[in-house]
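1. model the structure of this input:
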Amino acid sequence: MNVHFIAIGGAAMHNLALALHNKGYLVTGSDDTIFDPSKSRLATKGLLPEAFGWHTDKITTNLDAVVLGMHAKSDNPELLKAQELGLKIYSYPEFLYEQSKHKTRVVIGGSHGKTTITSMILHVMHYHDRDVDYMVGAQLEGFDVMVKLTEYNDFIILEGDEYLSSPIDLRPKFHLYKPNIALLSGIAWDHINVFPTYEKYLEQFAIFVDSIVSGGSINYNEEDPEVKRVVEASVNTIRKIAYNTPEYTVENGETRLETPEGQLPIEVFGKHNLNNLAGAKWICQHMGIDEDDFYEAISTFKGASKRLEKIAESNNSVAFKDFAHSPSKVRATTMAVKEQYENRTLLACLELHTYSSLNAEFLKEYKGALDAADIAVVFYSPHAVEIKKLEAVTKEQIAEAFNRDDLVIYTNPNDFKNFLFSQNFQDKALLLMSSGNYGGLDFEAVKELIS
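-> Numbering: from 1, shown residues only. Purely as a prediction, here's the structure:
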């Protein structure tokens, strides 16, 4: 099969391109710019475009399919040529469904937790040598690629993102997978640029539940009232199985999970991660892993990349880097680190970097999100606000939104760096939360502060 990728350099797109190449397909692609790690990974497989830019001569009737990435625009010249030739054009999720329509599709959905839950499931499967197809949103230890597609595996595990499918298909990705087995972890308003009201955002999850094939099943976090309401309100003819956070204890910085065989030390921590673990256990059982085998495997799971990732540790200090940016994720992550290291001073730093987090109207959703921190710092770049063409937000608006009198706010990267590097980290826990890099913070230098 001959497949061309428009915007091949994206995190998801280049992984799908690699997966098809590994499957024996003839793969080509274009992009206006490609950064590492996508660039070097594509180059290793001979898939890196010879020149950046859009080249209509690549679009011919010899193509069996064109996969269109979100980074491309609706007036992309290659897309227009493909439409003119009447070629079959797929969005990323459409093509994944096409590749998996004869498999048992396991889809993990939710505003938060889906990458971690998907990673947990894949870790357990890998631990027990169970080969499955998959698509996950983070690089995992022991896995070469983030997408795997075969002709022979029965199961495919898909991380169900609620963001849009392509410039010409404005449906959320997880509406297109038609799961046989589904999970819904939590609902907390996100993507305000796409779903301007909470009600519109909530509606997408109701559609997801209704998209599960008749006779299928959904496991859902009954501790989240919106999840519970959405799932239980669905009239879809599916099995509905609730889960909740298991019992656990924290002693001397170690989390122990209560199991039928006694306490089990685990590497991950925080109530939200234990809740994720409970959901992952159910899905693994649906896929043929019994409870004892699940516990054996999950005890060695260290976490998904960029999700509460320990970057440095000494005898009396520790530092974590986390992808958290939405209010619910920030709150859960901050509480988790404080619970795990309750006797240490928690310095929690949050970069407001996404479209939603820099929106003056959305800011109020962050109320109380950093309350678990002993020292709370917010960094944002006014330049990033300009780039996203948003109304300027002020320090006063941010302070009011977080509802914390002692909140420290920085808008200059050097000022933030100087603050951070002037700290004494004796008996401290440092938490850096962002989907960005604080205006160019050197994380290797941060590690040296701790060690």
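
2. any regions of the protein where pLDDT drops low?
-> 355, 385, 387-388 (pLDDT under 70).

3. relative to the longest strand along it, what are the paired strands and their orientations?
-> Secondary structure assigned by DSSP state E gives strand 345-352 as the longest strand of the chain. Applying DSSP bridges, strand 345-352 is found paired with strand 375-380 (parallel), strand 428-433 (parallel).

4. now the helix or strand that the last one is followed by: buried residues?
-> Right, strand 428-433. Downstream of strand 428-433, the first helix or strand assigned by DSSP states H and E is helix 443-450. For helix 443-450, the neighbour count (16 or more other CB atoms under 10 Å) marks 446, 449-450 as buried. Every C-beta, even on glycine, is put in place using the N, C-alpha and C of the backbone.

5. and this structure, what are its domain boundaries?
-> 2-87, 95-298, 309-450 (automatic domain parsing).

6. ok now the longest one, how far from the chain's centre?
-> Counting by CA atoms, centre = their mean, to the nearest Å, domain 95-298 is centred 11 Å from the centre of its parent chain.

7. now do the same end-to-end measure for that domain.
-> Terminal residues of domain 95-298 are spaced 31 Å apart (CA to CA, to the nearest Å).

8. do the same with the last one
-> End-to-end span of domain 309-450 (CA to CA): 14 Å.

9. residue 228 touches residue 218, doesn't it?
-> No. The pair residue 228 / residue 218 is not scored as a contact, 11.6 Å apart, by CB atoms under 8 Å.

10. more neighbours, those two?
-> residue 218 (23 against 17; other CB atoms under 10 Å).

11. could I get the phi/psi values of that one?
-> Backbone geometry at residue 218, expressed as degrees, to the nearest 10, gives phi -140, psi 130.

12. the residue lying closest to it once chain neighbours are set aside: how many residues sit nearby?
-> Using CB to CB, 6 or more residues apart in numbering and skipping residues adjacent in sequence, the residue nearest residue 218 is residue 182, 4.4 Å away. Per other CB under 10 Å, the neighbour tally for residue 182 reads 28.

13. can you list the strands that whichever strand or helix holds residue 182 pairs with?
-> When elements are assigned from DSSP H and E, residue 182 belongs to strand 181-184. Strand 181-184 has its sheet partners listed here by DSSP bridges as strand 104-109 (parallel), strand 217-221 (parallel).

14. skip ahead from the shortest one and say which helix or strand is next.
-> The first helix or strand that comes after strand 217-221 along the chain, using DSSP H and E, is helix 225-233.

15. distance check, the most centrally placed residue in the chain against residue 41.
-> Among the residues of the chain, residue 115 comes closest to the average C-alpha position under CA atoms, centre = their mean, at 4.6 Å. Distance, residue 115 to residue 41, using CB to CB, to the nearest Å: 19 Å.

16. next: residue 105.
-> 26 Å.

17. of the two, who's got more company?
-> More crowded of residue 105 and residue 41, by other CB under 10 Å: residue 105, with 24 against 18.

18. where's the more buried one relative to residue 234, distance?
-> Between residue 105 and residue 234 the computed distance is 18 Å (CB to CB).

19. quick one, what contacts the residue nearest to the centre of the chain?
-> 136-138, 159, 304, 307 (CB atoms under 8 Å, 6 or more residues apart in numbering).

20. in the helix or strand harbouring it, what's buried?
-> Per DSSP H and E, residue 115 falls inside helix 114-127. For helix 114-127, burial by neighbour count (16+ other CB under 10 Å) applies to 114-127.

21. about what we covered before: which of the residues in the longest strand of the chain are buried?
-> Neighbour-count burial for strand 345-352 flags 345-352 (criterion: 16+ other CB under 10 Å).

22. and if you look at stretch 72-86?
-> Residues 72, 76-79, 81-82 are the ones in stretch 72-86 that count as buried (16+ other CB under 10 Å).

23. from the residues you listed, which is closest to residue 208?
-> residue 72 (24.9 Å; CB to CB).

24. host element of that closest one?
-> Counting by DSSP H and E, residue 72 is found in no helix or strand.

25. that one against residue 167, yeah?
-> Yes. With contact defined as CB under 8 Å, residue 72 reaches residue 167; the gap is 5.9 Å.

26. residue contacts, residue 234?
-> Residue 234 neighbours (CB under 8 Å, 6+ apart): 206, 209-210, 240.

27. could you say which of the residues you listed is surrounded by the most neighbours?
-> That'd be residue 209 among the contacts of residue 234, by other CB under 10 Å, with 23 neighbours.

28. helix/strand/coil for that residue?
-> helix (DSSP: H, G, I helix; E, B strand; the rest coil).

29. please list all residues in contact with it.
-> With the criterion set at CB under 8 Å, 6+ apart, residue 209 makes contact with 182, 184, 218, 230-231, 234, 236, 238.

30. out of the residues you listed, which comes closest to residue 379?
-> For the contacts of residue 209, the residue nearest residue 379 by CB to CB is residue 184; the value is 32.3 Å.
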